[in-house]
Structures are given as structure tokens and as C-alpha cells.
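Chemist: Here's a sequence, model it:
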Amino acid sequence: MSKIVRLRCVGSGDAFGSGGRLNSCFHLAAAGEQLLLDCGCSSLIGLQRCGLNPAELDSVVISHLHGDHFGGIPFLLLEAKYVSRRRRPLTLIGPADLQQQVEAALEALYPGAIGNELGFPLIYRQLDPAQTLVAGGFEIGCCQVRHGNSKNVYGLRIRVAGKSLGYTGDTEWTDNLIALADGCELLIAECFAYDRSLPSHLDYQTLVQRRADLNCRRLVLTHLGAEMLQQRNALQFTVLNDGDLIEL
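Modeler: Down below sits the predicted model:
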């Protein structure tokens, strides 16, 4: 019998704080292990609001290197060193430049605060569409998606405890989403716009039109812009809110 996988929506917002929502962040817990999908700037706040202890995280997986998706890592590391006094390893998984960008952000936000020692092993691993990574009990796959001119932007697929979950990250429509969603119990789809086709983001009308192509049991929406929030009571898909819990 497969074990329960718990998904907590720590942050469901866009880069502009539309509707007062926190930046993108999703907490997965299964079989005694914990993983974050994205870690936007407000993620440490969101974790504490949800009663989730950042010291218990095993891994963080970053879809792409925009601040509302990875900018919370410096705060997470600062908390780990000075509050939790973490000792066990933390694994950060993401695009090729993740380590460089994290170190640059940390130095810009808190110059010299970390020094030469965190007090715990920090392990960086690189996403690669050609291979599946294993982090504890989590199998992590990815596919290239399209988000403006940004490079190394990924949709993520996580398999744990016999369950598969897809996450589009930020992207306009690409047929790569079809394979990403195939067979998933849940697809978390960003949906910034309502009926405007944008060069960087998904819109609701496109998702409605392409729903039959996405072979997932359930589709839920995140990263809503102001226009989408105005329409939220007239949608056929569930809208995630900060703090929501889904069990798979």
C-alpha cells in the first residue's frame, strides 16, 4: 500500500504579491522526508505560518532562478545557521547557476553574515532533463519549459511513495507539459493570466483548451495575477491558496 504524500502550499502568489499572496513555495512530506518545490523570498515566513520547521527540510528544488522562486534560500540558510543551528546536510537542487546565484544573493542581502562556515554540509546538485535525480526517497525529473528569454527554466516532476506530482514552474504553453503531466496524480500549473496569451506565462483559457492533453488526475492553479484573482470564483479548476493542504 502506498503511503500518504502531503503537499502544503506555502506560497501561491506571483512576483508582484497580487492578492497579498506569498511567493511560490510548496512543501512535500512523505515517508519521513521533506522537500520544498521552489523557495521564493517569503518562504521562511510561509513555512512558519504553516507550522513547518525549516530545520526538518532535507532538500530544496528550484525550477528557475527568478527571485520569487529562489530568493528565499538566503533567509533559509541564515535561519539554519543562527536559529536552528542546523547540523545535518541540506541539498539544493536546481539550474546550473544555482550555487552562484545563491551566493551572490546572500552576499548582497547579508554581506559577510555567513562567513566561511555554515555549520552544516550544503550540497548543490544540478537539474538535467536527460536524467532523474534521487534525493532520499524522492525521484526528481525535469523538462525544459519557456519563460521569456530565461535559460534553464524547468517544469518539475516528483515521484515519492508511489505517487507522481508535476509542477509547471513559470512557463507559457509548451508541448513538454504533456509529458510532464502524464500519469500524475496532481499537476500544479501556474496561471498568471485569464484570457491573454503571454510570452512567459500560462493563461486560464489555454489550460481549459488543452486540459484533455494533460493526462493527470487533478489540475490545480497557482501563481495567479490580479486578473485571474478577479475571476477565481468562476473557474473550473481549483485555485491553491497559501496554507492549503492536499493529500495524495
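Chemist: Okay, helices next: where are they in the chain?
Modeler: Applying DSSP state H to the chain gives helices spanning 43-49, 67-70, 73-82, 98-109, 176-181, 204-210, 226-230.
Chemist: which intervals of this protein have sub-threshold pLDDT?
Modeler: Scanning the chain for pLDDT under 70 picks out 1-2.
Chemist: hey, where'd the strands end up in it?
Modeler: Ranges of strands in the chain, per DSSP state E, are 6-11, 25-30, 33-39, 59-61, 90-94, 122-126, 133-135, 138-144, 154-160, 163-167, 186-190, 219-222, 238-239, 245-247.
Chemist: hang on, isn't residue 142 packed against residue 156?
Modeler: Yes: Residue 142 lies in contact with residue 156 (CB atoms under 8 Å); the separation is 5.4 Å. Where you see a C-beta, it was placed from the backbone N, CA and C, and this is true even at glycine.
Chemist: quick one: which of these two has more around it?
Modeler: The neighbour count for residue 142 versus residue 156, taken as other CB atoms under 10 Å, is higher for residue 142 (28 against 25).
Chemist: Would you mind measuring from the more buried one to residue 178?
Modeler: Per CB to CB, to the nearest Å, residue 142 is found 15 Å from residue 178.
Chemist: and what of residue 108?
Modeler: The value you get for residue 108 to residue 178, if CB to CB is used, is 38 Å.
Chemist: Check residue 203 too.
Modeler: 17 Å.
Chemist: For the two, indicate the residue with more neighbours.
Modeler: residue 203 (22 against 13).
Chemist: which residues does the more buried one contact?
Modeler: Contacts of residue 203 were listed using CB atoms under 8 Å, 6 or more residues apart in numbering, and they are 191, 192, 193, 194, 195, 196, 197.
Chemist: Apply 10 Å and report the result again.
Modeler: Counting by CB atoms under 10 Å, 6 or more residues apart in numbering, residue 203 touches 172-173, 190-197, 209, 225, 227-228.
Chemist: possible to save those residues as JSON lines with distance to residue 124?
Modeler: Output for the contacts of residue 203, formatted as JSON lines (distance: CB to CB, whole Å):
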{"residue": "172", "distance to residue 124": "28"}
{"residue": "173", "distance to residue 124": "31"}
{"residue": "190", "distance to residue 124": "25"}
{"residue": "191", "distance to residue 124": "30"}
{"residue": "192", "distance to residue 124": "29"}
{"residue": "193", "distance to residue 124": "33"}
{"residue": "194", "distance to residue 124": "38"}
{"residue": "195", "distance to residue 124": "40"}
{"residue": "196", "distance to residue 124": "37"}
{"residue": "197", "distance to residue 124": "36"}
{"residue": "209", "distance to residue 124": "39"}
{"residue": "225", "distance to residue 124": "32"}
{"residue": "227", "distance to residue 124": "37"}
{"residue": "228", "distance to residue 124": "34"}
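Chemist: Could you identify the most distant pair in these?
Modeler: The span of the contacts of residue 203, defined through CB to CB, is set by 209 and 225 at 18.9 Å.
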